[in-house]
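# What would the 3D arrangement of this be:
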Amino acid sequence: MLDKINKLIIDSISDPMLISKDGVILDANTCLLNFFSYDSKEELIYSSLESFFDGQINGDFKGALVKDKIEFYCNDILYKAEVSTFSFDEVYNGHILQELNIWDTKINFQEYENRDEIYMVINPEGGRIVEFNKKAQHFYGYSKKDFSSMSISEINCLNEAEVSKAMEEAKTENNNYFYFKHRRVTGEIEEVRVYSRPIEMNNKKLLLSKVIPLVSKNNDSILKEMISKVPLGLVIINSSGNIINANDGFCEMFKYSYPELINRNISNLICKEEDRGFSESILLSVAEGYVVKEELVRYTKYKDKLFVNLTGFILDKSDKSKLMLMYSDYTEKIRKEKEVKVFKDIMSRSSEGISLISKNMKILWKNERFKEILQYDEKDEIELSLNNVLDILLLNKNDLSGGSFENEVYFHNKENRLKVCLVNFKEIDENSDTPYRYFISLYDLTKLREKEKHIYTMSITDDLTGLFNRKYIENYLNLLIKKGKENSFQIAFIDIDEFKLINDSFGHLVGDEVLIKVSEILTKFLSKDKIGRYGGDEFLVVSQRKYSEFIIDINNVTREIEKMIVKDLVYGISTSIGVAFGDKSMGDVESIIRNADRAMYLSKENPGSYITEYKKK
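Numbers count the residues shown, from 1 in each chain. Just a heads-up that it's a prediction; the model follows:
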């Protein structure tokens, strides 16, 4: 497909042109290769646009006509250029053209001496021919001596005033393209196209002119071949707008057979009546020599609406009766854009944060929920790049390299609050002609995880005291036992003396107050250990610390409890404590707790607070 376009269209254009996709050069016309002194296309193909234009232009093209004025080096020569970038055929996977309108700041004419195109350097002050290459000498037939003494007016069939006006236009760059009749030494008149631009050579401001002889009006074979093979809707019309010729692409696009088209007015065939006036004005502009590019709505034979790009131009300025129109159909693209719009409308109301990303990993669209989760407001909009998102989520691009990623991610938002998100990263169909390549969704799990955490905390916590409950303590003990002998530990079974009497004498509210205050004291001295309410007035403490350190804190607990003051309680409180030692060799959880319980009851046989260690008989 690309070869046909290149050979039949691009090579017929007299300006340097590149074909690229995704920032990679795929082809170039002969004019460009000759202009920049490349021996073959292989020297240029598959190199990057960015390297060719010395970093001034890359492949990030959005689809509209873009013109960039740049300076760049190529083969050690500094060029100034206006680069026009436009979509040649959006139907064919995003191929784009760069057309170069180039003028050099400083040149060495020896670079042009052996080129296949006709080049001359002209002094705009008087029109004297300063330099000319071998091709120019051969084309015009003048001797080197004669050529060196001539002015451009002796070659150009216009009068001197008209030639001076054209040189002034080229010098000021108001116009760089001209159609002239030039005279050869034999007296033959040749119709030529001249591209002239200002240059600096030997510290003088001159004009470099490239002369392109026009194809003979009678040579229609190339034109017919181009019409038949170009994969676009291509049609030739006369000055009245009637179709002279059309290719298969045009017939297929607009659903007409070839005989149905010939000698029919193009505006009547593919335009609604209210659009025909504008269509005629476009054709008039083309006939006046303008290259016209328009996005239009046109209709098939069956009244189906098409969205098309039109490019119109004249191949031969000397014959304004024949206009070339090229149509590319981007209806499918519009349909997909509408689908994307519907998707965006739906996703904008989603409870998930949604973002669409380009193949260059740039965020092209995001819904409000996406910004809410990451806590970015409008003033931060410019900063919300994919890299920033990955930084916030503590991810890197390597996590996404497989084209798919799904995981729970913990991160801190801008208020330093811990957030939990389910991050889903997926690759969209790489053959899609939309600019979107990747999809990221963020589902905020923070409230769900907080709720789960709260439920779990409630399931292992005693409601009254806030200590661990019996089930948790037993599970914890079981875990320590399974770890083996090297994980030795001790437990303290603590019972509040005469607690039933407190409840019966002062009521359950006072009893609850006693339990709460005892819990606070246990937490104060035994924070390094696991403390649980085992049941009623009984507490269980599990410790893996050194016993000498642990027993000191247990004694501190008993003394603090004895000094404890509880409203309405008229006497002090004592505790009975039994301590047992545990590891895998000591049996199961029930056995170890039973040992501590036995030691606790031995303590009750002594007045006041007392601590008894279980000793195996």
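# In the stretch 101-250 of the chain, what residue spans correspond to strands?
Using DSSP state E, counting those that start in this stretch, the strands of the stretch 101-250 of the chain run over residues 118-122, 129-132, 177-183, 189-201, 204-213, 233-237, 243-246.
# okay, the ones you listed, which one's buried deepest?
strand 233-237 (a mean of 24; mean count of other Cβ atoms under 10 Å). Where you see a C-beta, it was placed from the backbone N, CA and C, and this is true even at glycine.
# closest one to S543 among the strands of the stretch 101-250 of the chain?
When the strands of the stretch 101-250 of the chain are compared by Cβ to Cβ, strand 233-237 sits nearest S543, at 86.2 Å.
# quick one: strands adjacent to the closest one?
Looking at strand 233-237 with DSSP bridges, its partner strands are strand 243-246 (antiparallel), strand 323-329 (antiparallel).
# related to what we said a few turns ago, between the strands of the stretch 101-250 of the chain, which one is nearest to Y256?
Per Cβ to Cβ, nearest to Y256 of the strands of the stretch 101-250 of the chain: strand 243-246, 8.1 Å.
# which residues are contacting the closest one?
224, 227, 233-238, 258, 261-266, 269, 322 (Cβ atoms under 8 Å, 6 or more residues apart in numbering).
# Please tell me how far that strand is from the chain's geometric centre.
43 Å (Cα atoms, centre = their mean, to the nearest Å).
# circling back: export the strands paired with strand 233-237 to CSV and append columns for distance to S51.
Formatted as CSV, those follow (distance: least, Cβ to Cβ, whole Å):
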stretch, distance to S51
strand 243-246, 41
strand 323-329, 29
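# So which of those strands is nearest L526?
strand 323-329 (79.8 Å).
# what about the strands of the stretch 101-250 of the chain, which gets the closest to I428?
strand 233-237 (29.2 Å).
# can I get the CA coordinates of that closest one in PDB?
Presented in PDB, the C-alpha positions along strand 233-237 are these (Å, rounded to 0.1, in the frame of the first residue of the first chain):
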ATOM      1  CA  GLY A 233     -10.900   8.000  -3.700                       C
ATOM      2  CA  LEU A 234      -9.300   9.900  -6.600                       C
ATOM      3  CA  VAL A 235     -11.100  11.800  -9.300                       C
ATOM      4  CA  ILE A 236     -10.200  14.200 -12.100                       C
ATOM      5  CA  ILE A 237     -12.700  16.900 -13.000                       C
END
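# can you list the weak-confidence ranges in the stretch 51-200 of the chain?
58-65, 75-77, 86-106, 173 (pLDDT under 70).
# Okay, strands next: where are they in the stretch 301-450 of the chain?
Using DSSP E, counting those that start in this stretch, strands in the stretch 301-450 of the chain cover 305-313, 323-329, 353-358, 363-366, 404-412, 418-427, 436-444.
# These into TSV, with extra columns for distance to Q490, mean neighbour count and mean pLDDT?
Below are those laid out as TSV (distance: least, Cβ to Cβ, whole Å; neighbours: other Cβ atoms under 10 Å; pLDDT from 0 to 100):
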stretch	distance to Q490	mean neighbour count	mean pLDDT
strand 305-313	82	18	91
strand 323-329	84	22	90
strand 353-358	51	21	85
strand 363-366	57	18	83
strand 404-412	36	13	83
strand 418-427	35	17	86
strand 436-444	44	19	85
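# Same list (the ones you listed) but as TSV, adding distance to R598.
Converted to TSV, these look like this (distance: least, Cβ to Cβ, whole Å):
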stretch	distance to R598
strand 305-313	90
strand 323-329	92
strand 353-358	59
strand 363-366	66
strand 404-412	46
strand 418-427	46
strand 436-444	53
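# between the ones you listed, which one is nearest to D588?
Going by Cβ to Cβ, the one of the strands of the stretch 301-450 of the chain nearest D588 is strand 404-412, 36.4 Å.
# and that closest one, what other elements does it pack with?
strand 418-427 (3 or more Cβ pairs under 8 Å, 6 or more residues apart in numbering; DSSP states H and E).
# Contacts for the strand it packs on, please.
Counting by Cβ under 8 Å, 6+ apart, 353, 373, 393, 395, 399-400, 403-413, 437-446, 448-449 sit against strand 418-427.
# got any ranges where the stretch 451-600 of the chain has weak pLDDT?
Ranges of the stretch 451-600 of the chain meeting pLDDT under 70: 484-487, 570, 583-586.
# Not counting sequence-adjacent ones, nearest residue to the spatially most central residue of the chain?
The residue lying closest to the centre of the chain (Cα atoms, centre = their mean) is K362, at 2.3 Å. Leaving aside its sequence neighbours, K362 sits nearest to L386 (Cβ to Cβ, 6 or more residues apart in numbering; 6.6 Å).
# again with K563
Nearest to K563 is G572, by Cβ to Cβ, 6+ apart, at 7.7 Å.
# hang on, the earlier thing: out of the strands paired with strand 233-237, flag the one nearest S153.
Closest among the strands paired with strand 233-237, once you apply Cβ to Cβ, is strand 323-329, at 32.1 Å.
# which stretches of the stretch 201-350 of the chain aren't confidently modelled?
Residues of the stretch 201-350 of the chain that meet the criterion pLDDT under 70 lie in 215-231, 317-319.
# Helices along that one, start to end?
Counting by DSSP state H, counting those that start in this stretch, the stretch 201-350 of the chain has helices at residues 221-229, 248-254, 258-261, 266-270, 276-287, 331-347.
# Tabulate those (JSON lines), appending distance to G535 and mean neighbour count.
Compiled in JSON lines, the helices of the stretch 201-350 of the chain are given as follows (distance: least, Cβ to Cβ, whole Å; neighbours: other Cβ atoms under 10 Å):
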{"stretch": "helix 221-229", "distance to G535": "93", "mean neighbour count": "15"}
{"stretch": "helix 248-254", "distance to G535": "86", "mean neighbour count": "20"}
{"stretch": "helix 258-261", "distance to G535": "97", "mean neighbour count": "14"}
{"stretch": "helix 266-270", "distance to G535": "90", "mean neighbour count": "20"}
{"stretch": "helix 276-287", "distance to G535": "91", "mean neighbour count": "16"}
{"stretch": "helix 331-347", "distance to G535": "54", "mean neighbour count": "13"}
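# could I get stretch 183-197 in PDB with only the CA atoms?
Presented in PDB, the C-alpha positions along stretch 183-197 are these (Å, rounded to 0.1, in the frame of the first residue of the first chain):
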ATOM      1  CA  ARG A 183      13.600  29.800 -23.300                       C
ATOM      2  CA  ARG A 184      16.300  27.300 -24.300                       C
ATOM      3  CA  VAL A 185      19.200  28.200 -26.500                       C
ATOM      4  CA  THR A 186      17.400  26.500 -29.400                       C
ATOM      5  CA  GLY A 187      14.500  28.900 -29.000                       C
ATOM      6  CA  GLU A 188      12.200  26.200 -27.700                       C
ATOM      7  CA  ILE A 189       9.800  27.400 -24.900                       C
ATOM      8  CA  GLU A 190       9.500  25.000 -21.900                       C
ATOM      9  CA  GLU A 191       6.900  25.300 -19.200                       C
ATOM     10  CA  VAL A 192       8.600  25.000 -15.800                       C
ATOM     11  CA  ARG A 193       7.800  25.100 -12.100                       C
ATOM     12  CA  VAL A 194      10.300  27.100 -10.100                       C
ATOM     13  CA  TYR A 195      10.900  26.800  -6.400                       C
ATOM     14  CA  SER A 196      13.000  29.800  -5.200                       C
ATOM     15  CA  ARG A 197      14.100  30.600  -1.700                       C
END
